[in-house]
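K.L.:
Please find the sequence and the predicted model below.
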Amino acid sequence: MSTTTKSIEEQGIDTIRILAADAVQKANSGHPGTAMALAPMAHVLWKEFLNYNPKNTHWANRDRFILSAGHACILQYSILYLTGYDISLDDIKNFRQLNSKTAGHPEYGLCPGIDVTTGPLGAGFSNGVGFAIAQKHLAATYNKPGFDLFNYHVYAICSDGDMMEGVTSEAASLAGHLELGNIIYLYDDNKISIEGSTDIAFNEDVNKRFEAYGWHVQHVNDVNDVHALQLAITNAKAETQKPSLIRVRSLIAYGSPNKSGTAGSHGAPLGADEVKLVKEFFGFDPNKSFDVSDDVLKYYHEIGAKGTGKEDKWNQLFADYKKEFPELAAQYEVAASGKLPKGWEDAIPTFAADAGKMATRQASGKVLNAIAAKIPGLIGGAADLSPSTETHLKAYDSFTSENRAGRNFHFGIREHAMGGAINGMALTPGIIPFGATFLIFSEYQRPPIRLAAIMKIRSIFVYTHDSIGLGEDGTTHQPVEQLISLRSIPNIMVIRPADANETSQAWKAALEHTTGPVVLVFTRQGLPIIDQDKYAKATNLEKGAYVLSPADGEAQLILIGTGSEVDLAMKAQAKLKEEGIAASVVSMPSWELFEKQSAAYKESVLPKALKKRLAIEAGSPLGWHKYITDEGDTVTMPGFGESAPAEDLYKHFGFTVDNVVKKAKALL
């Protein structure tokens, strides 16, 4: 059919298909088939349903869109370009090239209009649950009669791959339980994955599965039926109690005579000859590439331009709100700016040295409850472990399907989904989220932690039971390699405080850090509170490492400790002193913070001339060579733990004063 006989709507949809085929072909890399098939879906969303403003991609009440099927990103880039976002046709042509806005999967902060980085399947699905939670919480906190400030929806396009990943099940279960009716997900049921037909590995009834989760489920038989798509999304918006899944049947690479409906169009270019056939099928000139008519561009630009008026209307609503509710408006503006309320740090507790032993998880709980009233946007919870992780905010209710203003979240035993949801919440201005579990279960959260680091967002991951010190639960629950594994992730800050006062400062550092995720690591067992009148102040934690206890005289070696092992270093220092050996003790709660310090400061803590150093940490020795030099050693965990009381384990694995002293003397 010639493009001249098509409606402008049909021309627009087909232009999206052609852009997808051309961009992937030029890059010689990518996934053209899904983008070609789903062009009608993108068209309907951006034309009929999404509230957005291409000129301000951070408008607070815009609808959020997530391409959970991130491999189909050329679909999103194309519709963003057409509707007037800051993406040019040259950006489309530079798809998947170095320094291009149009990366191989959608990346938050790189391309305007991308609300979250996606790619690992299931990740976007779980992020959307966090976005939806955040919207409900903002609405419950700030909306007033006549001032419906936050009423946006969360849309996503998902794939068969998303449906197969385990995190999707966790997140869908949580969303159904919380009755997040602001979620509208479109599931592209194209029955194709890389290996071929999904029938070889996936034949469950997805509709029934989601109905069991408590979702509102619809089915559209053909993605090209634009009217049916519109009706289904309209029905989904009308369903305010249940999250919505719209299962949409599509033919991958629709319009490709030889590759439609095949795995050959999933993860590879169609081929130059096949692209020409696609263009002929849709009535385009086969010898032209990236062909966008002036009429199509004008049509979509006019659609996108409507968003400016929508935001202007909302801005006026907020201006009126500020007059009626000045305190709430001011609270929101501070929170949404990413800044912390003035004077919040005054609420941070200090702990007396004579208060007895205190686990850093307990100290963390005290800190959280002390500062919660000062930082209304600080919300979070645990994966069924709040009594163990001490993360319950005692003065506040739980967030439930009945109470959206609650600040305590019960994520259930869904660590992976919790991490994904935390990221979605962190991407919502006004919210500072935290999620807690045992350090060993950070393994379930590695994908969302890594994505948070890539996006450089303010997610806070709280981990307790940080070593063999948790005792009898044994090998499966005792983390060994987790600390170094987390430290190896770029853009992340890991903090393992030595006592209650370092814990206070750890929370301060975490909340003031806005350019990446923070991992806080706390003990199960009680630790002595270091006397700040006798030793260095815990406020030095902000530097990552500091001389906690200088040597008596010229130091012969340095004992470096983190977390619970700092106390062991202090005791060993005293024993060495009795034997006439001068050692200094360095507390090193955060490698990442220490690396940010000046060379002069680093030299003051770890002088290059003093190479006799002993690192003490109940974790893997990997990585410590950087700080102990070739003349140093470690007291660490080269293997897994055992099941026994903590004191027996510390003795068995050499975390004793006598062994530290022995190793220190061996260095000399």
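P.N.:
Received it, and whenever you're ready, just let me know what you need.

K.L.:
Next up, the contacts around residue 221.
P.N.:
By C-beta atoms under 8 Å, 6 or more residues apart in numbering, the contact set of residue 221 is 228, 249. C-beta: built from backbone N, CA, C; applies to glycine.

K.L.:
Then the one 5 residues further on?
P.N.:
Counting by C-beta under 8 Å, 6+ apart, residue 226 makes contact with 9, 40, 43-44.

K.L.:
Going by neighbour count, which of those residues comes out on top?
P.N.:
residue 40 (25 neighbours; other C-beta atoms under 10 Å).

K.L.:
Surely it and residue 227 touch.
P.N.:
No - the criterion here is C-beta atoms under 8 Å, and residue 40 misses it with residue 227 at 10.4 Å.

K.L.:
Flag every buried residue along stretch 168-181.
P.N.:
For stretch 168-181, the neighbour count (16 or more other C-beta atoms under 10 Å) marks 168-176, 178-181 as buried.

K.L.:
got the CA positions of it in PDB?
P.N.:
Taking C-alpha atoms only, stretch 168-181 is exported to PDB below (Å, rounded to 0.1, in the frame of the first residue of the first chain):
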ATOM      1  CA  THR A 168       8.800 -10.700  37.800                       C
ATOM      2  CA  SER A 169       6.900 -13.300  39.900                       C
ATOM      3  CA  GLU A 170       8.100 -11.700  43.200                       C
ATOM      4  CA  ALA A 171       7.200  -8.200  42.000                       C
ATOM      5  CA  ALA A 172       3.900  -9.200  40.600                       C
ATOM      6  CA  SER A 173       2.900 -10.900  43.800                       C
ATOM      7  CA  LEU A 174       3.900  -7.800  45.800                       C
ATOM      8  CA  ALA A 175       2.000  -5.400  43.500                       C
ATOM      9  CA  GLY A 176      -1.200  -7.600  43.600                       C
ATOM     10  CA  HIS A 177      -1.000  -7.800  47.400                       C
ATOM     11  CA  LEU A 178      -0.600  -4.000  47.700                       C
ATOM     12  CA  GLU A 179      -3.400  -3.400  45.200                       C
ATOM     13  CA  LEU A 180      -1.300  -1.000  43.100                       C
ATOM     14  CA  GLY A 181      -4.000   0.000  40.600                       C
END
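
K.L.:
ok now that stretch, how far from the chain's centre?
P.N.:
18 Å (C-alpha atoms, centre = their mean, to the nearest Å).

K.L.:
burial measure for residue 477, as a count.
P.N.:
Residue 477: 17 neighbours (other C-beta under 10 Å).

K.L.:
can you list contacts of stretch 622-635?
P.N.:
481, 484, 487-488, 560, 565, 588, 591, 606, 611-617, 621, 636, 654-655, 659-660, 663, 666-667.

K.L.:
Among those, which lie within helices?
P.N.:
Secondary structure from DSSP state H places 484, 487, 565, 591, 659-660, 663, 666-667 of those in helices.

K.L.:
Please pick the buried ones from these.
P.N.:
484, 487, 565, 591, 659-660, 663, 667.

K.L.:
Wait, a strand at residue 218?
P.N.:
Yes - membership of residue 218 in a strand is supported by DSSP: H, G, I helix; E, B strand; the rest coil.

K.L.:
what about it, how many neighbours?
P.N.:
Applying other C-beta under 10 Å, I find that residue 218 has 19 neighbouring residues.

K.L.:
check contacts around it.
P.N.:
232, 235-236, 244-247.

K.L.:
if I look at it, how far off is residue 189?
P.N.:
Using C-beta to C-beta, to the nearest Å, one obtains 12 Å as the distance from residue 218 to residue 189.
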